[in-house]
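K.L.:
pasting the sequence and the predicted model now:
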Amino acid sequence: MRSRSLNALPIPVKRALGKLGEDIRTARVRRRIPTAIMADRAFISRATLIKVEKGDPG
């Protein structure tokens with residue numbers, strides 16, 4: 001059986017991920033927290049934080 005690709009996510013899920021990422025970025029920017037510090041606080045890489053803020057499901 002084939003696994004579903006990440007591109008096959010339902011549209012509402014894609015929208016929700018995009019909104020979540022946008023909200024995270026907005027909160028970070030309002031608090032004037034640089035991406036490097038935010039990533040460090042979340043125990044993730046800066047590249048991963050950028051993907052999260054873009055709503056990337058991968």
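P.N.:
Perfect, I can see it now.
K.L.:
the residue nearest the centre of the chain: what's its closest spatial neighbour, skipping adjacent residues?
P.N.:
Ranked by distance to the mean C-alpha position of the chain (C-alpha atoms, centre = their mean), the top residue is residue 52 at 1.3 Å. Of all residues not flanking residue 52 in the chain, residue 21 sits nearest, at 5.6 Å (C-beta to C-beta, 6 or more residues apart in numbering). In this view, the C-beta of every residue, glycine as well, is placed from N, C-alpha and C.
K.L.:
surely that neighbour meets residue 55?
P.N.:
Yes - counting by C-beta atoms under 8 Å, residue 21 touches residue 55, with 3.8 Å between them.
K.L.:
those helices in this protein, which residues are they?
P.N.:
Secondary structure of the chain (DSSP state H): helices located at 11-30, 35-42, 46-54.
K.L.:
helices and strands around the last one, which ones?
P.N.:
For helix 46-54, the contact count by 3 or more C-beta pairs under 8 Å, 6 or more residues apart in numbering; DSSP states H and E identifies helix 11-30, helix 35-42 as packing neighbours.
K.L.:
out of those, flag the one nearest residue 48.
P.N.:
When these are compared for distance to residue 48 using C-beta to C-beta, the nearest one is helix 35-42, at 7.0 Å.
K.L.:
and stretch 13-30, what's buried?
P.N.:
17, 21, 24-25, 28 (16 or more other C-beta atoms under 10 Å).
K.L.:
so can I have TSV of these showing pLDDT and distance to residue 41?
P.N.:
What follows is the buried residues of stretch 13-30, written out as TSV (pLDDT from 0 to 100; distance: C-beta to C-beta, whole Å):
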residue	pLDDT	distance to residue 41
17	98	21
21	98	17
24	99	12
25	99	14
28	98	10
